[in-house]
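Undergrad: Sharing a model prediction with you, sequence too.
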Amino acid sequence: MYRGRASSYSQGQGQGRGRGRGRGNALRSSNWRGRSTIEHEGNAQKGDAADSPLGRLITNITLRNISNHGIQTEDARITDCKYVASYSLVDSSSPRIIIPGQPALWEPPQLPCQLQKDSGEYFRDQNGARFPEHPMQPSVQSIFALNKSFDSENVDIMGCASSLGNILRFVRSVDSTFRFDVEMVGNTLFLVNNQRDEVIQGVHGNGMTFLEKFTTYQAELKETKSHQRIISYSFGGLKCLVRFECDGHLSNTGDASTERDSLRTLNISKTPVSSSITVKEAGLAVSQHSIIEIKTRSQLKGQEIEMNEHWPRLWVRQIPNFIVGYHIKGNFEDVQNKNVQPDIDEWESAHESELRKFASILQQLIVEVKRAGNFKLELCRTGLGPLELREQIGTPREVLPNDWKNLWIRGGKDIGRDGESRLSDDDDQSYPSFSSRNDGSSESEGSEEEDNFSVDYTACGLDCGYCGHCEY
């Protein structure tokens, strides 16, 4: 049995490297391989979105008004989980990523193993720190780089696992405070963290040094600071794309050849649009069956690990392998590696009612964000309060640059020879403008012309694809 809560952060920060614990991303540390700070512009925008005042309330969602109507038992399960794309983040003077990259390989040293304590500050959101204007852009770019004909038109939800996890905490009545942006791009609801370069304070323990000692990157990927993985699955009648930070992978589980063979040739030189991120081609896609989550725990605390805190996280990310390293003052003598997929499946079955509500909320958010038309929105919660869909105030935040939005809407279709995404005159009339109606106040007032973009989805649902034309 696992023993103790596997966290190397202060109490209340038990999030593991999956939340800001990127390899070698210490800001003030002298003992990290590949250590460097973020040099490109945008690093000074710390907390811009997270610290800004809350805007006008659009609607709120309480546990009492969530309906399970239309959500069948079979819809409260994750099915058809597949690898979609991946990339590695690096520190450089200009934005750059490695596609497809590769997770660190689990290569434990001989035990016992004495490690130094963690030190320094670590980014909470790796993508937001390096791409503060458009944290989702590297994900979208990596998807089309690996598959230029990716069917983005049929994606219902795309977001980082932490955003989905926050909504799930609300459903499970877990105390949590958060806010993140929500925006429709074509048929897809994007959930976008706006933590920018927020750092985690008070890091202690041995979680970071454990990762450095027990996992390793290939020579061509040594500059990796964080490996990001995007998977797709069906849940609640929705096709979801989920991005998460990957601790590593095992070399002896599953067969990655099927996924490798299914990947199309990288088309980096053919599909990038004008605002593309510089890409280095290196690495290899690995099977989801080999992905691992790593935690550390001090044996001096003498507690058995509370796995109920970790099942939701592993479920959202569909991570089947859980590794816990136990230590006494940094001396690791006991490292346990377990395949937890059967336990995740059991947790899913036991929490059917909660997961049906979770699916209902995701569907409701799609309707509400579409109904809001051209407003820029964010989803917020404080403590044990309700979910609040609010209007952004201040400088509008865009989920993607316009050219990448157009590419997503078209599913990568009709790309010109120069790499620019093309929209016909008819297409320009098919989608609302991407400009914001927000003027920086808590009450936005759009022009009459802009108001024409607001569509009533009250009578619409999944069956019609939220067409905006259904009648009562």
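TA: Thanks, I have the structure now. Predicted model, so just to flag it, every value in this text is computed and none were measured. Numbering: from 1, shown residues only.

Undergrad: in stretch 292-309, what's buried?
TA: By 16 or more other Cβ atoms under 10 Å, the buried positions in stretch 292-309 come out as 292-299, 305, 307. Heads up, the C-betas are built off the backbone N, CA and C, glycines and all.

Undergrad: again with stretch 171-187
TA: Quick answer for stretch 171-187 (16+ other Cβ under 10 Å): 171-172, 176, 178-187.

Undergrad: returning to that earlier point: output the buried residues of stretch 292-309 in CSV; the columns should cover distance to residue 318.
TA: Written out in CSV, the entries for those read as follows (distance: Cβ to Cβ, whole Å):
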residue, distance to residue 318
292, 12
293, 11
294, 16
295, 17
296, 22
297, 23
298, 29
299, 30
305, 20
307, 16
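
Undergrad: Which one of these is nearest to residue 314?
TA: Residue 314 has its nearest neighbour among the buried residues of stretch 292-309 in residue 293, at 6.2 Å by Cβ to Cβ.

Undergrad: Just give the closest residue to that closest one, not the sequence neighbours.
TA: Nearest in space to residue 293, with sequence neighbours left out and distances taken as Cβ to Cβ, 6 or more residues apart in numbering, is residue 319 at 4.8 Å.

Undergrad: Confirm the one you found sits in a strand?
TA: No - secondary structure of residue 319 (DSSP: H, G, I helix; E, B strand; the rest coil): coil, not part of a strand.

Undergrad: for the stretch 51-200 of the chain, what spans make up the strands?
TA: Assigned by DSSP state E, counting those that start in this stretch, the strands in the stretch 51-200 of the chain fall at 57-61, 79-90, 96-101, 105-106, 113-114, 122-123, 157-160, 178-185, 188-193, 199-200.

Undergrad: Do a quick rundown of the strands in the stretch 201-350 of the chain.
TA: Taking DSSP E, counting those that start in this stretch as the test, the strands found in the stretch 201-350 of the chain are 215-216, 224-235, 238-245, 248-249, 278-283, 291-298, 321-328, 331-339.

Undergrad: I'd like to know which elements the first one is packed against.
TA: Taking 3 or more Cβ pairs under 8 Å, 6 or more residues apart in numbering; DSSP states H and E as contact, the helices and strands that strand 215-216 lies on are strand 105-106.

Undergrad: same thing with the second one?
TA: Strand 224-235 is packed against strand 79-90, strand 96-101, helix 126-130, helix 137-146, strand 238-245, with contacts defined by 3+ Cβ pairs under 8 Å, 6+ apart.

Undergrad: Among the ones you listed, show me which one is buried the most.
TA: Using mean count of other Cβ atoms under 10 Å, the stretch among the helices and strands packed on strand 224-235 with the largest mean neighbour count is helix 126-130, at a mean of 27.

Undergrad: Let's see it as CSV, backbone CA atoms only.
TA: In CSV, the C-alpha atoms belonging to helix 126-130 read as follows (Å, rounded to 0.1, in the frame of the first residue of the first chain):
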residue,chain,number,x,y,z
GLN,A,126,4.9,26.3,-18.0
ASN,A,127,3.0,27.3,-21.1
GLY,A,128,1.8,30.6,-19.6
ALA,A,129,5.3,31.5,-18.5
ARG,A,130,6.8,31.0,-21.9
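
Undergrad: and the two most separated of the buried residues of stretch 171-187?
TA: Farthest apart among these by Cβ to Cβ are 172 and 186. That separation is 30.7 Å.

Undergrad: ok, so what distance separates residue 145 from residue 127?
TA: 16 Å (Cβ to Cβ, to the nearest Å).

Undergrad: swap in residue 98?
TA: Applying Cβ to Cβ, one obtains 14 Å for the distance of residue 98 from residue 127.

Undergrad: Now flag whichever of the buried residues of stretch 292-309 is closest to residue 404.
TA: Relative to residue 404, and with distances defined as Cβ to Cβ, the nearest of the buried residues of stretch 292-309 is residue 293, at 30.2 Å.

Undergrad: quick one on the thing from earlier: in a markdown table: the helices and strands packed on strand 224-235, plus mean pLDDT.
TA: Rendered in a markdown table, the data for the helices and strands packed on strand 224-235 read as follows (pLDDT from 0 to 100):
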| stretch | mean pLDDT |
| --- | --- |
| strand 79-90 | 96 |
| strand 96-101 | 95 |
| helix 126-130 | 85 |
| helix 137-146 | 94 |
| strand 238-245 | 97 |
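
Undergrad: Any chance of CSV for these, columns distance to residue 377?
TA: Formatted as CSV, the entries for the helices and strands packed on strand 224-235 read as follows, by distance: least, Cβ to Cβ, whole Å:
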stretch, distance to residue 377
strand 79-90, 26
strand 96-101, 28
helix 126-130, 18
helix 137-146, 19
strand 238-245, 19
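
Undergrad: Ok, which of those comes nearest residue 56?
TA: helix 126-130 (24.2 Å).

Undergrad: if we can go back for a sec, quick one: which of the buried residues of stretch 292-309 has the lowest pLDDT value?
TA: Minimum pLDDT for the buried residues of stretch 292-309 is recorded at residue 305 (76).

Undergrad: Just give me the neighbour total for the residue nearest to residue 293.
TA: Counted with other Cβ atoms under 10 Å, the neighbours of residue 319 add up to 24.

Undergrad: Does it touch residue 294 like I think?
TA: No - with contact defined as Cβ atoms under 8 Å, residue 319 and residue 294 do not form a contacting pair (10.1 Å).

Undergrad: Residue 400: which of the helices and strands packed on strand 224-235 is closest?
TA: When these are compared (using Cβ to Cβ), the closest one is helix 137-146, at 5.8 Å.

Undergrad: That closest one versus strand 96-101: what angle between them?
TA: 50 degrees (axes from the mean of the first three to the mean of the last three Cα atoms, to 10 degrees).

Undergrad: what helices or strands is helix 137-146 leaning on?
TA: Of the remaining helices and strands, those touching helix 137-146 by 3+ Cβ pairs under 8 Å, 6+ apart are strand 79-90, strand 96-101, strand 224-235, strand 238-245, helix 402-409.

Undergrad: Can you lay out those as a markdown table showing distance to residue 359?
TA: Written out in a markdown table, the entries for the helices and strands packed on helix 137-146 read as follows (distance: least, Cβ to Cβ, whole Å):
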| stretch | distance to residue 359 |
| --- | --- |
| strand 79-90 | 12 |
| strand 96-101 | 30 |
| strand 224-235 | 6 |
| strand 238-245 | 7 |
| helix 402-409 | 23 |
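
Undergrad: Quick one: closest of the ones you listed to residue 368.
TA: Relative to residue 368, the nearest member of the helices and strands packed on helix 137-146 by Cβ to Cβ is strand 238-245, separated by 14.7 Å.

Undergrad: Now do that closest one against strand 79-90, angle only.
TA: Following the same axes, to 10 degrees, one obtains 30 degrees for the angle between strand 238-245 and strand 79-90.

Undergrad: For strand 238-245, which strands pair with it and how are they oriented?
TA: Take DSSP bridges as the rule and strand 238-245 pairs in its sheet with strand 157-160 (parallel), strand 224-235 (antiparallel).

Undergrad: what angle separates that strand from strand 188-193?
TA: For strand 238-245 against strand 188-193, the angle by the same axes, to 10 degrees is 30 degrees.

Undergrad: returning to what we had before: quick one: which of the helices and strands packed on strand 224-235 is nearest residue 411?
TA: helix 137-146 (9.3 Å).
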